[in-house]
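Peer 1: how does the following fold in three dimensions:
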Amino acid sequence: MPDWVSTTCMRCAVGCGHVQRGVDVGYGLDTVRGDAAHPVNRGLACQRGVEETADPSGEWLTQPLVRRGGELKKTTWDVALARIVEEFGETLERDRVGVAVLGSGQQTNEAAYALGKLARGGFGTRYYDANTTLCMASAVNVYYDAFGSDAPPCTYDDIPDAESHVVWGANPRVAHPVMFRWISDSADDPDSELIVVDPVESETAETADTHVSPDLGGDLDLARAVLAHVVETGRVDEAFVAESTSGFDDLVAGLPDPEAAADRAGVPFDAVEKLADALDDPTLIYWGMGVNQSVQGTDTAGALVDCCLATGNVGPGSGPFSLTGQSNSMGTRVCSSKGGWPGQRDFDDPESRELVAEEWGVPVDRLPDDTGPGPVGTVAAIADGPIEAVYASARARRRGARHDRQPRRGLRRAARGGPDIPPVGRRHRPRDHRRTRRTGRGRGVRGPVSRRREAVVVPLRRRREPRPDRRQRRTDFGGRLTIAGDTQRHERIDGERPPANAVSDRGENARRGESSGHGSLAAFDVASELFPTGDARSA
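Peer 2: Below is the predicted model:
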């Protein structure tokens, strides 16, 4: 029987540790279960994560395919890479922006770093996206605005210490079952509570002590009503605001009348009072796609952050906690060179550009002048712009732009007749790759596909009986608020190892591990063939 292999579930961004064992004969997994020694989940595992690890849907390609005469034919890596190098090389000779690169939040830090290095330092293209700037764009902008860094100030360790858990526009009972177990356990403690803000009675709302149901599109009005009521009732943490933030007076000047805002949100005013009361105690506010995926997403997420800052809820057991869906969305944003250079360096900073170019061994003028148009603009450029060739890694899919005609046309053009060379999961050997967790820690992914499974499964929690209201209030008095001071940054690339995330001293969000690295070896190989003077494998 093969040995047990420690790995990390790639379903969502929680980062649960798994142990898995391969089949005796052939290719696949015999058993997948939670890793009792892993610090994140301590043996727990959700059913979906185990099933998707053990038996993923779709056909797993084990060798390259090349389109000949309209049909995909099996071939060798040398033939496939030679064709990529030849055709991409011809395109780059004509125009360096003629190549587009699409990545994925399913990649490891190393894979994202290698793909970004290929796109920015090798191809020199501005048409590049790591597939994480759509779902998390609102949260990312808000974190940069408030903290100067794309990282929440809280970690998993804060969950047991929180007394108020406010889940806003998210359904972690289904989407993040293991994490929800910690939230639910903490909320079960005496003098603790779980409040869910959601227009529908989700599975998470079914277990809440209080369910606040705003009208569709009413989240921003509700969040601002809560903040206005906090200010109006003198519950601002004035000492924290004065010492650690800026912009408070401007924020207060723009707040609405709380009762009028509550009415626009479609909630009774006692719901606003309930949420304001919750902020009197150490509070974690969790939000997800219900907030982010909105035309008001950035403003709503910003209002939630402001609620935390104004009440001093940025410390142990508290803070604004965005919930991520893709398994390594955070790591790809930090390491992929999409919106900034490695080490959280500003994209347009001349010194950072010179440093990155020197470390990569490329002329600085090869690096694009701006971050590019993003995923929608990139796909639109495939339809009507200068793009002649597309390098798509991991799970870059067509359906994400199904409601926009121009991106759909671009994707149809790129995939007309199917890709010329489909992506292949290349797993010659286990590799020590890492992931950066927005919400925790992880060790990565290893191992093949399987047909059998067993698991320690986290069930859905039962509905809890509501507890009486608590009216204890803080005595301190007093954001769009921002944390005062400079953002921590890395001073060097450190041998081009993908950097851990630069975060504040309130918590360490970067966790390390090992994983398969979807598409990374192919990116290394293409880079080394196209740019032999630079060491593409040094990443």
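Peer 1: ok, the helix or strand where residue 6 lies: who's next to it in the sheet?
Peer 2: Assigned by DSSP states H and E, residue 6 belongs to strand 5-8. Its sheet considered, strand 5-8 pairs with strand 17-22 (antiparallel) by DSSP bridges.
Peer 1: model confidence over the strand holding residue 6, on average?
Peer 2: Mean pLDDT, strand 5-8: 84.
Peer 1: do the same with stretch 174-192
Peer 2: 91.
Peer 1: how about the CA coordinates for that stretch, as CSV?
Peer 2: Extracted in CSV, the C-alpha atoms of stretch 174-192 (Å, rounded to 0.1, in the frame of the first residue of the first chain):
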residue,chain,number,x,y,z
VAL,A,174,-22.1,25.8,2.5
ALA,A,175,-19.2,27.5,0.9
HIS,A,176,-16.6,27.2,3.7
PRO,A,177,-18.0,24.4,6.0
VAL,A,178,-14.8,23.9,8.1
MET,A,179,-14.4,27.6,8.7
PHE,A,180,-18.1,27.9,9.6
ARG,A,181,-17.6,25.2,12.2
TRP,A,182,-15.1,27.5,14.0
ILE,A,183,-17.5,30.5,13.6
SER,A,184,-20.4,28.5,14.9
ASP,A,185,-18.5,27.1,17.8
SER,A,186,-17.3,30.5,18.9
ALA,A,187,-20.8,32.0,18.5
ASP,A,188,-22.1,29.2,20.8
ASP,A,189,-20.0,30.5,23.7
PRO,A,190,-21.8,32.5,26.4
ASP,A,191,-22.3,36.2,25.6
SER,A,192,-21.4,35.5,21.9
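Peer 1: buried set for it?
Peer 2: 175-184, 186-187, 192 (16 or more other Cβ atoms under 10 Å). All C-beta atoms are positioned from the backbone trio N, CA, C, and that covers glycine.
Peer 1: out of those, which one sits closest to residue 22?
Peer 2: Each of the buried residues of stretch 174-192 was scored against residue 22 by Cβ to Cβ, and residue 178 proved nearest at 24.1 Å.
Peer 1: confirm for me that the closest one is in contact with residue 46.
Peer 2: Yes: if you go by Cβ atoms under 8 Å, residue 178 and residue 46 touch, sitting 5.9 Å apart.
Peer 1: re earlier: I'd like the buried residues of stretch 174-192 as JSON lines, with secondary structure and distance to residue 50 appended.
Peer 2: JSON lines is the format used below for those (DSSP: H, G, I helix; E, B strand; the rest coil; distance: Cβ to Cβ, whole Å):
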{"residue": "175", "secondary structure": "helix", "distance to residue 50": "16"}
{"residue": "176", "secondary structure": "coil", "distance to residue 50": "15"}
{"residue": "177", "secondary structure": "helix", "distance to residue 50": "11"}
{"residue": "178", "secondary structure": "helix", "distance to residue 50": "11"}
{"residue": "179", "secondary structure": "helix", "distance to residue 50": "16"}
{"residue": "180", "secondary structure": "helix", "distance to residue 50": "16"}
{"residue": "181", "secondary structure": "helix", "distance to residue 50": "15"}
{"residue": "182", "secondary structure": "helix", "distance to residue 50": "19"}
{"residue": "183", "secondary structure": "helix", "distance to residue 50": "21"}
{"residue": "184", "secondary structure": "helix", "distance to residue 50": "20"}
{"residue": "186", "secondary structure": "helix", "distance to residue 50": "24"}
{"residue": "187", "secondary structure": "helix", "distance to residue 50": "25"}
{"residue": "192", "secondary structure": "coil", "distance to residue 50": "30"}
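Peer 1: on the three-state scheme, residue 30 is what?
Peer 2: strand (DSSP: H, G, I helix; E, B strand; the rest coil).
Peer 1: and it, how far is that from residue 19?
Peer 2: From residue 30 over to residue 19 the distance is 12 Å, taken as Cβ to Cβ, to the nearest Å.
Peer 1: got it, and residue 180?
Peer 2: 22 Å.
Peer 1: could you export the strand holding residue 6 as CSV, CA atoms only?
Peer 2: C-alpha atoms of strand 5-8 as CSV (Å, rounded to 0.1, in the frame of the first residue of the first chain):
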residue,chain,number,x,y,z
VAL,A,5,0.9,12.0,1.5
SER,A,6,0.2,15.3,3.3
THR,A,7,-1.5,17.8,1.0
THR,A,8,-4.0,20.7,1.0
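Peer 1: and it, how far out from the chain middle?
Peer 2: Distance of strand 5-8 from its chain centroid, counting by Cα atoms, centre = their mean, to the nearest Å, is 21 Å.
Peer 1: stretch 248-256 too?
Peer 2: Relative to its chain's centre, stretch 248-256 lies at 30 Å (Cα atoms, centre = their mean).
Peer 1: same check on stretch 320-327?
Peer 2: Mean-position distance between stretch 320-327 and its chain equals 6 Å (Cα atoms, centre = their mean).
Peer 1: quick one: low-confidence parts of the stretch 251-400 of the chain?
Peer 2: 394-400 (pLDDT under 70).
Peer 1: that one: strands as residue ranges?
Peer 2: Along the stretch 251-400 of the chain, counting by DSSP state E, counting those that start in this stretch, strands occupy 283-287, 319-322, 340-341, 345-346, 389-392.
Peer 1: nearest to residue 87, of those strands?
Peer 2: Closest approach to residue 87 among the strands of the stretch 251-400 of the chain is made by strand 389-392 (6.3 Å; Cβ to Cβ).
Peer 1: so what secondary structure elements neighbour that closest one?
Peer 2: Under the contact definition 3 or more Cβ pairs under 8 Å, 6 or more residues apart in numbering; DSSP states H and E, strand 389-392 sits against helix 77-94, strand 99-102.
Peer 1: direction included, what does that strand pair against?
Peer 2: Its sheet considered, strand 389-392 pairs with strand 99-102 (parallel) by DSSP bridges.
Peer 1: which outside residues touch the partner strand?
Peer 2: 88, 91-92, 115, 118-119, 123, 125, 127-129, 131, 375, 378, 381-382, 387-393, 396 (Cβ atoms under 8 Å, 6 or more residues apart in numbering).
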